[in-house]
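[1] sequence first, predicted model second:
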Protein chains: 2
Amino acid sequence: MTAAKESAHGKRDTGTLGKLMVLLDVVSHADGPMRFTDILAVTDQPRGTVHRQLSHLVDEGLLEIDEDGLYLPGLRLLDFASRSWGRNEFRLIAEPHLKALQDMTGETVHLGVLRGTSIIYLDKFEGQQPVRMYSQIGNASPVYCTGVGKAALSILPQERVRALVAEIAFHRFTANTHTAKSLLGEIEEIRKVGHAFDREEHEVGIRCIAAPIWSENLSLVGGVSVTGPAYRLGMESLSEWAAPIRETAGRIMEAMRVGLGPRR
Amino acid sequence: MTAAKESAHGKRDTGTLGKLMVLLDVVSHADGPMRFTDILAVTDQPRGTVHRQLSHLVDEGLLEIDEDGLYLPGLRLLDFASRSWGRNEFRLIAEPHLKALQDMTGETVHLGVLRGTSIIYLDKFEGQQPVRMYSQIGNASPVYCTGVGKAALSILPQERVRALVAEIAFHRFTANTHTAKSLLGEIEEIRKVGHAFDREEHEVGIRCIAAPIWSENLSLVGGVSVTGPAYRLGMESLSEWAAPIRETAGRIMEAMRVGLGPRR
DNA sequence: AAATTGAGTTCCAAATAATAGAACAATTGT
DNA sequence: ACAATTGTTCTATTATTTGGAACTCAATTT
């Protein structure tokens, strides 16, 4: 009779932790250090409560307070993340294939995986520069405006796509950014041809082509992409990479079957 | 009359969050995916409790369960971390100076910062030579067996060093790893000369030289280091870099004063 | 100089979520 | 077929979190 056991959109109730994660999310996704009052403003909880919650997060190193008393994400997060990343099997298996694709195309190659309604970038191979670990790696981007995201959606059963799309809060990043309706339409196209484009849908001047990667039971869904600046990459030249990128995706899936299949 | 408000060594009580963080710590620092029972074994809590705690962590994406039901660190951690890293001012300011030091020495350069009794590596510039090393951006390493760690301790007031050392659980990684007593002795030396060595104290075959970096009020304490394999780097050649590495540290501190001092 | 506003912190009875422990499934080994 | 091990669910009890007010401190305004 009291509050719902599950919040509006199917997310499970995680009690105290859930409330704390909202705060961590707010602070870590802000443009810069945040004042207590500004954090308070985006919650609907009383001051005393938020104050104690933030104190706990700070005590645990998940948040920090700078000398001006502003809150910012804590460095302890880095330690957790580096271990999550360092041992990620999908990434380890895909690595050589990504490198090869980078060599072939000369453009930036990304590996991403679907989590909720976001794509989390697991790895990135740039032209000359050595890999700057978190330069883009780790970032969560919306599914609906990334090549990898749309490629990933295209291999999910239609019902699951619809359910996911219903959860998304669409935001118009550029003139080409999808809406719920246009996205569902394009997914159908992608399903047929086997690869997806990003036609400057997330950032003006940035295009990409992507192919999906998935495990048998869909416990892992993601993709590879080749990204580059629009001035250098016409849609025609992007299209020429459709075959190699699909082959790369295929090789990664094959490597996963032998690498993960038989008891590791 | 009940349990203490503060745990043994001065750490604040963070209630429910603290208990959850212990679990997250255990799983993310394990060698591989963990079974429920193994996680349970390292806690002193009842089965039902741990089970629910893990469920909450999984629901929030901080942990994940693979197809065998094993727990591993969740990818959501990557998103948090990439934002923490991407905007870290200390790292951004130090970057060009680290690069210059790497160019000059040709060996791997690290930037680290003190958090509790650990050094968290914020950045790393590698040389050409592919030397496998137990160090990655974000990783937390013990203060007492890293060059950066000892350099950092050397600029803290003696009482604070003693307090910190008292908290450390010393683990003998190599034959040269410090004990509490020997560490305190070396800190005195480092305080005098202004730079620290790591004489294969963490990993056999790996040496380094480091210089401390600190802010006026000690709100930030860390260091830079040049690291390399023992077979190529004798203690004599390492010593030759004492001056340049201290200059690099000096330049970074100068840049911090102008960069952070006046309202950013 | 006194009063006012705004930001941050502390406190405690009441509300709520976490806990302990047992009971229940499901899986594996003998 | 039986025992042992592992993982999951349930509920009264207990402990933590909550909400709201009161308080401090500094910066502005009157």
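    The structure has been received and is ready for your questions. Nothing here was measured: the structure is a model prediction, and the numbers come from that model.
[2] neighbours of the closest residue to DNA strand C within chain A, how many?
    Across chain A, the shortest distance to DNA strand C (Cβ to the nearest atom of the strand) belongs to residue A:15, at 2.6 Å. The way it works is simple: take the backbone N, C-alpha and C, and place the C-beta from them, glycine included. Counted with other Cβ atoms under 10 Å in any protein chain shown, residues neighbouring residue A:15 total 12.
[3] residue B:59 is in contact with that one, correct?
    No. If you go by Cβ atoms under 8 Å, residue A:15 and residue B:59 don't touch, sitting 9.7 Å apart.
[4] ok, which stretches of the stretch 101-250 of chain A are strands?
    Per DSSP state E, counting those that start in this stretch, the stretch 101-250 of chain A carries strands over the ranges A:108-115, A:118-125, A:140-142, A:196-199, A:206-214, A:221-229.
[5] just confirm yes or no for the third one near chain B.
    Yes. Applying Cβ under 8 Å from any Cβ of the partner chain, one finds that strand A:140-142 is in contact with chain B at residue A:140.
[6] where in chain A is pLDDT low?
    For chain A, the stretches with pLDDT under 70 are A:1-11, A:128-135, A:260-264.
[7] residues of it that sit close to DNA strand D?
    Contact residues, chain A versus DNA strand D (Cβ under 7 Å from any atom of the strand): A:16, A:19, A:45, A:46, A:47, A:48, A:49, A:52, A:53, A:56.
[8] want to throw the strands of the stretch 101-250 of chain A into TSV with mean neighbour count and distance to DNA strand C?
    As requested, those are exported to TSV (neighbours: other Cβ atoms under 10 Å in any protein chain shown; distance: least, Cβ to the nearest atom of the strand, whole Å):
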stretch	mean neighbour count	distance to DNA strand C
strand A:108-115	25	23
strand A:118-125	24	25
strand A:140-142	20	24
strand A:196-199	22	37
strand A:206-214	25	24
strand A:221-229	24	24
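[9] let's have the ones you listed in JSON lines, adding distance to residue B:115.
    Below are those laid out as JSON lines (distance: least, Cβ to Cβ, whole Å):
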{"stretch": "strand A:108-115", "distance to residue B:115": "27"}
{"stretch": "strand A:118-125", "distance to residue B:115": "25"}
{"stretch": "strand A:140-142", "distance to residue B:115": "24"}
{"stretch": "strand A:196-199", "distance to residue B:115": "38"}
{"stretch": "strand A:206-214", "distance to residue B:115": "36"}
{"stretch": "strand A:221-229", "distance to residue B:115": "32"}
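[10] out of these, which gets nearest to residue B:121?
    strand A:118-125 (19.1 Å; Cβ to Cβ).
[11] near DNA strand C at all, stretch A:20-39?
    Yes. Stretch A:20-39 lies within reach of DNA strand C by Cβ under 7 Å from any atom of the strand, at A:35, A:36, A:37.
[12] in those residues, which residue is surrounded by the most others?
    The most crowded member of those, judged by other Cβ under 10 Å, is residue A:36 (15 neighbours).
[13] could you measure from it over to residue A:70?
    To residue A:70, residue A:36 is 8 Å away according to Cβ to Cβ, to the nearest Å.
[14] what do you get for residue A:169?
    Following Cβ to Cβ, the distance that separates residue A:169 from residue A:70 is 27 Å.
[15] between these two, tell me which one has more neighbours.
    Neighbour comparison, residue A:169 and residue A:70: the larger count goes to residue A:70, with 17 against 6 (by other Cβ under 10 Å).
[16] the nearest residue in space to that one that is not next to it in sequence: what's it in contact with?
    Counting by Cβ to Cβ, 6 or more residues apart in numbering or on different chains, the nearest residue to residue A:70 once its immediate chain neighbours are dropped is residue A:33, at 3.5 Å. Residues in contact with residue A:33, defined by Cβ atoms under 8 Å, 6 or more residues apart in numbering or on different chains, are A:66, A:68, A:70, A:71, A:72.
[17] check residue A:115 too.
    Applying Cβ under 8 Å, 6+ apart, we find residue A:115 in contact with A:140, B:61, B:75, B:76.
[18] again, 10 Å this time
    Shown in contact with residue A:115 (Cβ atoms under 10 Å, 6 or more residues apart in numbering or on different chains): A:140, A:143, A:221, A:222, B:61, B:64, B:74, B:75, B:76, B:78, B:79.
[19] so the fifth one is in contact with residue A:80, correct?
    This means residue B:61. No. Between residue B:61 and residue A:80 there is no contact under Cβ atoms under 10 Å: 12.0 Å.
[20] shared neighbours of the two, anything?
    With contacts defined as Cβ under 10 Å, 6+ apart, the residues shared by residue B:61 and residue A:80 are B:74, B:77, B:80.
[21] could you measure from the second one over to DNA strand D?
    Okay, so that is residue B:77. Distance, residue B:77 to DNA strand D, using Cβ to the nearest atom of the strand, to the nearest Å: 21 Å.
[22] which SS state does that residue fall under?
    Per DSSP: H, G, I helix; E, B strand; the rest coil, the local secondary structure of residue B:77 is helix.
[23] looking at chain A, which residue is nearest DNA strand D?
    Going by Cβ to the nearest atom of the strand, DNA strand D is nearest to residue A:48 of chain A, at 2.3 Å.
[24] number of nearby residues for that residue?
    8.
[25] phi, psi for it please.
    Here is the backbone geometry of residue A:48 (degrees, to the nearest 10): phi -60, psi -40.
[26] still on that earlier bit, so which of the strands of the stretch 101-250 of chain A gets nearest residue A:23?
    Using Cβ to Cβ, the strands of the stretch 101-250 of chain A put strand A:140-142 closest to residue A:23, at 17.3 Å.
[27] who does the closest one touch, helix- and strand-wise?
    strand A:108-115, strand A:118-125, helix A:147-154, helix B:76-86 (3 or more Cβ pairs under 10 Å, 6 or more residues apart in numbering or on different chains; DSSP states H and E).
[28] any idea how far it is from the chain center?
    Its chain's C-alpha centre and that of strand A:140-142 lie 4 Å apart, by Cα atoms, centre = their mean, to the nearest Å.
[29] just stretch A:36-53 next, same as before
    The answer for stretch A:36-53 is 28 Å, by Cα atoms, centre = their mean.
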